[in-house]
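In: What follows is a predicted structure for the sequence shown.
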Amino acid sequence: MAKADQKEMDLPPRPELFEFHGVSMIHYFTDNWESVQNFQAKPDDIVIATYPKAGTTWVSHMLDLLYFGKCSPERGSSMPIFERVPFLEFCVPGLPTGVEVAESMTSSPRLIKTHFPVQFLPKSFWEQKCRIIYVARNSKDNAVSYFHFDRMNMVEPEPGDWPSFLQRFQEGKMVFGSWYDHVKGWWEKKQTNPKILYLMYEDLAEDMGRELDRVCSFLGLSLTEEERCKVIEGVGFDAMKKNSMTNYSTIKVMDFKISPFMRKGKVGDWKNHFTVSQNEQFDKEYKKKMTHTTLRFRTEI
Ligand code: PPS
């Protein structure tokens, strides 16, 4: 977006990345650091943790339907996802912070979203032994989705062109840092913490019914066949794209003329973006960075 357009929308300039405790961040997610770190979790809080663009909204809406779809069916079509599932570290002037939204919630359990790498999660979530659902997405599709998001979201740094964005993605110079550190950090933590369920975007896309059953078993929920079908229908890509309470169309800092929030929702869209040489280069780097982990992703299904 041209600088003049940004001014017309009465928005501050796009934020710059800076190093924060060893992770690239922007001030919108660090300005409220003290109160985020001192956040008081409740034992039944459920955290949805992801690297940006890995399927956060998908799983957030799924959990909201699971817990509240039956008793308040109007909730999913009248309350935007960021009110139903507050974004903990969010702090943009003129809007309530994620902490404020979470603290004002009267429904339980509270579903709380974060993009923090594992070492940033406020300690009270660990002390309270809260359940955490982490969602990861293969790096190539994740990078493509992030690129389009940064193009359309005026509170993200300027993405530049695709080649330079991809280069910075590999270097970890993205908001919330390196994809590699993020997915591996949470994966390592999960090995010793049974309160973490690690989901993959590709598995959700392949078989939602199977993944929903895994989620329900982790959360100790059982659904009737009718409830199960309703959730599966509600979290379909087309249903969520149409639903203004899940598609972010009410947010003024996102310019849907550039790209919609619910963009493609596919596994393998990276093939429409990576050149052959970008792909070779990427695979080489990927191999090096993923040597010492058992974590495996699928870039097609
Ligand atoms: S954010 O801004 O970090 O919270 O974004 P996040 O929700 O994590 O990721 C957005 C991408 O997830 C896709 N998405 C879905 N895919 C399939 N089915 C459903 N229901 C669904 N809901 C969201 C969304 O389209 C973004 O991916 P891309 O590849 O850009 O389309």
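Out: Thanks, I have the structure now. Numbers count the residues shown, from 1 in each chain.

In: Name all residues that make contact with Lys241.
Out: For Lys241, the contacting residues are Asn247, Pro260, Met262, Gly265, by Cβ atoms under 8 Å, 6 or more residues apart in numbering. In short, each C-beta sits where N, CA and C put it, glycine included.

In: Assign it to helix, strand or coil.
Out: Assigned with DSSP: H, G, I helix; E, B strand; the rest coil, Lys241 falls in the helix class.

In: gap between it and Arg228?
Out: 22 Å (Cβ to Cβ, to the nearest Å).

In: With distance to Ser107, secondary structure and pLDDT added, can I get the contacts of Lys241 in CSV?
Out: Output for the contacts of Lys241, formatted as CSV (distance: Cβ to Cβ, whole Å; DSSP: H, G, I helix; E, B strand; the rest coil; pLDDT from 0 to 100):
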residue, distance to Ser107, secondary structure, pLDDT
Asn247, 22, coil, 96
Pro260, 29, coil, 96
Met262, 25, coil, 97
Gly265, 27, coil, 98
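
In: Out of the residues you listed, which comes closest to Val59?
Out: Out of the contacts of Lys241, the one with the shortest distance to Val59 is Gly265. That distance is 13.2 Å, counting by Cβ to Cβ.

In: isn't that closest one right next to Gly236, touching?
Out: No - Gly265 lies out of contact with Gly236 (Cβ atoms under 8 Å); the separation is 9.3 Å.

In: Which one's more surrounded, the two?
Out: A direct count of neighbours by other Cβ atoms under 10 Å for Gly265 and Gly236 places Gly265 higher, at 16 against 13.

In: dump the residue contacts of the residue nearest the centre of the chain.
Out: Using Cα atoms, centre = their mean, the residue of the chain that lies closest to the mean C-alpha position is Thr56, 3.4 Å off. Contacts of Thr56 were listed using Cβ under 8 Å, 6+ apart, and they are Ile48, Thr50, Lys113, His115, Val135.

In: mind putting those residues in CSV, secondary structure included?
Out: Shown next, in CSV, are these (three-state DSSP):
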residue, secondary structure
Ile48, strand
Thr50, strand
Lys113, strand
His115, coil
Val135, strand
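
In: Closest one to the ligand out of those, please.
Out: Proximity of these to the ligand was ranked by Cβ to the nearest ligand atom; the top entry is Thr50 with 5.4 Å.

In: Which strand residues bridge that closest one?
Out: With DSSP bridges applied, the residues forming beta bridges to Thr50 are Val135.

In: same thing with Lys113?
Out: Beta-bridge pairing of Lys113 under DSSP bridges involves Ile48, Phe87.

In: Report the contact partners of Phe149.
Out: Contacts here follow Cβ under 8 Å, 6+ apart; on that basis Phe149 touches Pro52, Lys53, Glu156, Ser259, Phe261.

In: Return the residues in contact with Glu171.
Out: With contact taken as Cβ under 8 Å, 6+ apart, Glu171 is in contact with Ser178.

In: Do you know the pLDDT at it?
Out: Among the per-residue scores, Glu171 shows a pLDDT of 98.

In: just Pro12 next, same as before
Out: In the prediction, the pLDDT value recorded for Pro12 is 86.
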